[in-house]
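K.L.:
Provided below for reference: sequence and predicted model.
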Amino acid sequence: MAAPSDASIGGGGDDSLYPIAVLIDELRNEDVQLRLNSIKKLSTIALALGVERTRKELIPFLTDTIYDEDEVLLALAEQLGMFTPLVGGAEFVHSLLPPLESLATVEETVVRDKAVDSLRTIAAQHSAADLEAHFVPLLKRLATGDWFTSRMSACGLFSVCYPRVSSALKAELRQNFRNLCGDDTPMVRRAVAGKLGEFAKVIEIDNLKTDLIPLFTALAADEQDSVRLLAMEACGSIASLLAADDTEQLVMPTLREAANDKSWRVRYMVADKFTELQKAVGPEITKNDLVPAFQNLLKDCEAEVRAAAAQKVKDFCQNLPADNREQVIMTGILPCLKELVSDSNTHVKSALASVIMGLSPVLGKDNTIEHLLPLFLTQLKDECPEVRLNIISNLDCVNEVIGVKQLSQSILPAIVELAEDTKWRVRLAIIEYMPLLAGQLGVEFFDEKLNALFMAWLLDHVYAIREAATQNLKKLVEKFGLDWAQATAIPKVIQMSRDQNYLHRLTCLFSINLLAEVCGAEVTVRLMIPTVFGMAGDAVANVRFNVAKTLQKLGPMLDQSYLQSNVKPCLLKLKGDTDIDVQYYAVEALDVLKMA
């Protein structure tokens, strides 16, 4: 069809449509960026042309100019999915099919995928009659196209139109789908395997058993592992639609084979989807088939498979039938976990560490103390920081089960050891966990066992640790109250103001900044501000200008007379400092506190 001419689109001297002619010119321009900009403004063109001229002139023009850079085509495929109102609504939505059909056959995958997304969107906007008259023929053309690209695109369209067409057309669509499942090109079989699950959800149950499950079985046994693993993605969806007897007979043989597939990628997919499969097949099949399969995946020769299975341990155990859950875990799963905590691969140990603590509520107090605590301690002492980190981050669910006393006796020594770890990220993880731990242990226990350790972090040689320790000091004061702050925290902070290391003196100021927020004006004035004033004469300029910044921050909580009589003289002294940065921050503080 002929492209609209500039004159026709310009409307023979109609100035209001002149910008449209410019945009159409840009669509023909050699500069890719100009064409891309023009495509992104397509809705403007369509609005100016009106719905009839958009259908009769703009859409055919776009259909004829499909041969372009991938970036331009991607933008076009996206725009067309939102074009329904601009062609006159649902009654005329089929006019958008020709350009999208062309886009669904191009070589570039992202363009095809976006065209299929847009086709799926506008399929829902077709009436049942238009769907059969226009959309289904398009789907058949794509499904039987010479190029594998069009057949790949067709795979994503079956599920959106199948429920709304006549029985005769449904039979034809099932046949088209069957043909794609047996396609000579592995990439087409891969595409159809990926859409098997969503097609299963819209097909009638009888046809699911007679038509789709044989296709699923064939794809799950395909010579290409990339096809087999995508077929396994659909396994859970198919099983969830069937009764238990049908699942056992029709799906389980395929699943058993997949769990022992020669390709680790297929076994990985089974492990990754294991809890979905477990929910789909029900308790009886889980007990008889999935528990042994899960054991095998946890012992797999490939680390990636073991890691994927380890990640599912908590969910799998929680979903086991309650009547024999404990027995299955103790006899079937726990022996595998004991091997995994000392696995040679760090990813496997890390995956397990992120979920193993979640078994405590499932197994109860006695089993946790006897069987799980030794595993936690092994992982807490693991050489890999991520493993230790994952255990520390999930301690709270164990505390709920075994109580703080048992936790402190068994795990606390290991935590103290980690608190002095050479890797600063491990120390940081412990610090971030400390307020939670302190809240659970109580103030007396904290003062006795952890206080010295915590205060030592304020003097750590890594800034991130010192900063986290000051933040946590504030949280601890919020938890333990003002009395604890005055008796324990503030004296320690004030002591740092006399430290020989200027970084520790800075930490003193940072701590005062934060503690003042929770301690209030009275305690700040009585116990902390005198220390700040004393540091105004520090030998290090960095400390002096942080004194000015601290006074600026604390100023709003102090009354006016105190500001004038105590804070202002200190800031004026700093304003006359020899260091330019100290002068700058002193002047800024005076301005902010309106004492300039």
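P.N.:
Here it is on my side, so go on.
K.L.:
Helix or strand next in line after the lengthiest helix in the chain, which one?
P.N.:
Taking DSSP state H as the assignment, the helix of the chain that covers the most residues is helix 502-523. Note on helix 502-523: by DSSP states H and E, the next helix or strand toward the C-terminus is helix 529-534.
K.L.:
what is the mean pLDDT for that following helix?
P.N.:
Computed over helix 529-534, the mean pLDDT rounds to 89.
K.L.:
Which strands or helices does that helix pack on?
P.N.:
On a contact count with 3 or more C-beta pairs under 8 Å, 6 or more residues apart in numbering; DSSP states H and E, helix 529-534 meets helix 502-523, helix 541-554. C-beta: built from backbone N, CA, C; applies to glycine.
K.L.:
Which positions in that helix come out as buried?
P.N.:
Neighbour counts over helix 529-534 (16 or more other C-beta atoms under 10 Å) mark Ile529, Thr531, Val532 as buried.
K.L.:
Make TSV from the residues you listed and add distance to Asp396 to it.
P.N.:
Output for these, formatted as TSV (distance: C-beta to C-beta, whole Å):
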residue	distance to Asp396
Ile529	37
Thr531	36
Val532	37
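K.L.:
low pLDDT regions in the chain?
P.N.:
Low-confidence segments of the chain, defined by pLDDT under 70: 1-24, 65-68, 404, 440-441, 595-596.
K.L.:
Pro321 touches Lys287, doesn't it?
P.N.:
Yes. Under the criterion of C-beta atoms under 8 Å, Pro321 makes contact with Lys287 at 6.6 Å.
K.L.:
who has more neighbours, these two?
P.N.:
Using other C-beta atoms under 10 Å as the criterion, Pro321 and Lys287 rank with Lys287 on top: 16 against 12.
K.L.:
close enough to count as contact, Asp225 and Asp261?
P.N.:
Yes. Applying C-beta under 8 Å, one finds Asp225 in contact with Asp261, separated by 7.5 Å.
K.L.:
Which of those two has more residues huddled nearby?
P.N.:
Between Asp225 and Asp261, Asp261 has the larger neighbour count (other C-beta under 10 Å), namely 19 against 16.
K.L.:
Assign the more buried one to helix, strand or coil.
P.N.:
coil (DSSP: H, G, I helix; E, B strand; the rest coil).
K.L.:
so who does it touch?
P.N.:
Residues near Asp261 by C-beta atoms under 8 Å, 6 or more residues apart in numbering: Asp225, Arg228, Arg267, Val270.
K.L.:
Which members of these occur in helices, if any?
P.N.:
Judged by DSSP H, the subset of the contacts of Asp261 located in helices is Asp225, Arg228, Arg267, Val270.
K.L.:
ok, of the residues you listed, which one's closest to Arg189?
P.N.:
Distance to Arg189 across the ones in helices among the contacts of Asp261 (C-beta to C-beta) is lowest for Arg228, with 9.9 Å.
K.L.:
which residues touch that closest one?
P.N.:
Ala193, Leu219, Ala220, Ala221, Asp222, Ala258, Asp261, Ser263, Val266.
K.L.:
run the last query once more with 7 Å
P.N.:
Ala220, Asp222, Asp261, Ser263, Val266 (C-beta atoms under 7 Å, 6 or more residues apart in numbering).
K.L.:
now those as TSV including distance to Ser43?
P.N.:
Formatted as TSV, the contacts of Arg228 follow (distance: C-beta to C-beta, whole Å):
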residue	distance to Ser43
Ala220	45
Asp222	43
Asp261	49
Ser263	47
Val266	45
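K.L.:
Make a PyMOL selection of the buried ones in those.
P.N.:
Here is the PyMOL command that picks out the buried ones among the contacts of Arg228, judged by 16+ other C-beta under 10 Å:
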select buried, resi 220+222+261+266
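K.L.:
nearest to His94, of the contacts of Arg228?
P.N.:
Of these, the one sitting nearest to His94 (C-beta to C-beta) turns out to be Asp222, at 35.7 Å.
K.L.:
Name the SS class of the closest one, please.
P.N.:
Under three-state DSSP, Asp222 comes out as coil.
K.L.:
got the phi/psi numbers for it?
P.N.:
Note on Asp222: its backbone torsions stand at phi -60, psi 150 [degrees, to the nearest 10].
K.L.:
Give me the nearest residue to it, chain neighbours excluded.
P.N.:
Once flanking residues are discounted, Asp222 sits nearest to Arg228: 5.3 Å by C-beta to C-beta, 6 or more residues apart in numbering.
K.L.:
buried stuff in stretch 325-336?
P.N.:
Those would be Val328, Ile329, Gly332, Ile333, Leu334, Cys336, for stretch 325-336 by 16+ other C-beta under 10 Å.
K.L.:
Go ahead and confirm the fifth one touches Glu370.
P.N.:
Okay, so that is Leu334. No. With contact defined as C-beta atoms under 7 Å, Leu334 does not count as touching Glu370 (10.6 Å).
K.L.:
Contacts for stretch 424-437 next, please.
P.N.:
385, 388-389, 392-393, 395-396, 415, 418-419, 421, 454, 457, 462, 464-465, 468-469, 472, 475-476, 479.
K.L.:
Show me which of those are buried.
P.N.:
385, 388-389, 392, 395, 415, 418-419, 454, 457, 465, 468-469, 472, 475-476.
K.L.:
Out of those residues, name the ones that lie in helices.
P.N.:
385, 388-389, 392, 395, 415, 418-419, 454, 457, 465, 468-469, 472, 475-476.
K.L.:
Going by distance to Ala536, which of those residues wins?
P.N.:
For those, the nearest to Ala536 is Ala469 (24.4 Å; C-beta to C-beta).
K.L.:
Apart from its chain neighbours, what residue comes closest to that closest one?
P.N.:
Using C-beta to C-beta, 6+ apart, the nearest residue to Ala469 is Trp457, at 3.9 Å.
K.L.:
How about Val443?
P.N.:
Closest to Val443 by C-beta to C-beta, 6+ apart is Phe480, at 4.8 Å.
K.L.:
Leu62 now?
P.N.:
Nearest to Leu62 is Pro99, by C-beta to C-beta, 6+ apart, at 4.9 Å.
K.L.:
and that neighbour, how many neighbours?
P.N.:
26.
K.L.:
what does the one 4 residues further on give?
P.N.:
As a burial measure, the neighbour count of Leu103 was computed by other C-beta under 10 Å and equals 25.
K.L.:
does Cys508 really touch Val493, like I thought?
P.N.:
Yes. Using C-beta under 7 Å, Cys508 is in contact with Val493, at 5.6 Å.
K.L.:
The residue nearest to Met496 when sequence neighbours are not counted and Leu558: what is the separation?
P.N.:
Using C-beta to C-beta, 6+ apart and skipping the chain neighbours, the partner closest in space to Met496 is Cys508 (4.0 Å). According to C-beta to C-beta, to the nearest Å, Cys508 and Leu558 sit 19 Å apart.
K.L.:
Neighbour count: the two, which is higher?
P.N.:
Neighbour count, other C-beta under 10 Å: between Cys508 and Leu558, Cys508 has more, with 26 against 19.
K.L.:
residues contacting the more buried one?
P.N.:
Val493, Met496, Ser497.
K.L.:
sorry, back to before: pick the one among the buried residues of helix 529-534 closest to Gly403.
P.N.:
Closest to Gly403, out of all of the buried residues of helix 529-534 and judged by C-beta to C-beta, is Thr531, at 40.5 Å.
K.L.:
Quick check, that closest one in contact with Met496.
P.N.:
No. Counting by C-beta under 7 Å, Thr531 sits too far from Met496 to count as a contact (9.3 Å).
K.L.:
Next, the distance between the ends of stretch 385-400.
P.N.:
25 Å (C-alpha to C-alpha, to the nearest Å).
K.L.:
That should have said stretch 367-376, apologies.
P.N.:
13 Å.
K.L.:
Over to stretch 172-188?
P.N.:
19 Å.
K.L.:
same thing with stretch 453-469?
P.N.:
11 Å.
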